[in-house]
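Asker: got a structure for you, letters missing:
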Ligand code: ADP
């Protein structure tokens, strides 16, 4: 990747601390469970803010497998779309968790492009109830996002929406490391 392109990729990745349900972007990503029918964490916050229509549309989707993603409208959210993806439950790292988590990010981004999404926000998928270590999850999220942004011209911004400052600091540290290792 040439230097200018690399800088552009780095500039399109943002870190935000707060509630993902409040973000005014084209699409927010929900860390859902495989039934797609309700939960706490990110899922609870998104459903509360979107209103009951979102659950009605989710029911028609008939679930979602781990590592896959599905899209709905955003209803009362500022975001036009909700992309729900099901992260892997952390089982120690030898059960294909990394590939499944990467797949969540990739499949969500592919759906975003197909739906003309130009700005998207991700929560730290799998790092809540599903127990995925935050540093490892951030590394996978950043790697997939950088690969993706460098290979598409239409997506302009990916926000990593963290719920606490410690998690945001981890993303900032890893993003700074990535941009420090500049291609020759
Ligand atoms: P999972 O089941 O995939 O682990 P969770 O919803 O339990 O998903 O949590 C994923 C991450 O999202 C956790 O780091 C949690 O702190 C964070 N989180 C919880 N609520 C919100 C919210 N409203 N906005 C952004 N991040 C959130």
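Answerer: Looks like it arrived, so ask away. The model shown is predicted, which means the values in this text are computed figures rather than measured ones.
Asker: Just list the residues touching residue 175, thanks.
Answerer: 10, 13, 15, 142 (CB atoms under 8 Å, 6 or more residues apart in numbering). In this view, the C-beta of every residue, glycine as well, is placed from N, C-alpha and C.
Asker: can you tell me which two in the residues you listed are farthest apart?
Answerer: Spanning the widest gap among the contacts of residue 175 are 10 and 15, at 11.9 Å by CB to CB.
Asker: Count the residues that sit near the closest residue to residue 110 other than its chain neighbours.
Answerer: Leaving aside its chain neighbours, residue 110 sits nearest to residue 69 (7.8 Å; criterion: CB to CB, 6 or more residues apart in numbering). By other CB atoms under 10 Å, the residues close to residue 69 number 23.
Asker: which residues does residue 69 bridge with?
Answerer: Residue 69 has these beta-bridge partners by DSSP bridges: residue 85.
Asker: My read is that it contacts residue 112, right?
Answerer: No: in this structure, residue 69 is not within contact of residue 112 by CB atoms under 8 Å, at 9.1 Å.
Asker: which neighbours do those two share?
Answerer: Contacts common to residue 69 and residue 112, judged by CB under 8 Å, 6+ apart, are residue 83.
Asker: Nearest spatial neighbour of the residue most central in space within the chain, chain-adjacent residues omitted?
Answerer: Centroid-nearest residue in the chain: residue 122, 2.7 Å away (criterion: CA atoms, centre = their mean). Nearest residue to residue 122, sequence neighbours excluded (CB to CB, 6+ apart): residue 29, at 4.6 Å.
Asker: for stretch 21-37, how far is the first residue from the last?
Answerer: Distance across stretch 21-37, first residue to last, is 17 Å (CA to CA, to the nearest Å).
Asker: Can you point out the buried residues in that stretch?
Answerer: Neighbour-count burial for stretch 21-37, counted by 16 or more other CB atoms under 10 Å, picks out 21, 23, 25, 26, 27, 28, 29, 30, 31, 32, 33, 36.
Asker: Those: which two are farthest apart?
Answerer: 26 and 33 (24.1 Å).
Asker: how much space between the residue nearest to residue 110 and the ligand?
Answerer: Counting by CB to the nearest ligand atom, to the nearest Å, the gap from residue 69 to the ligand is 13 Å.
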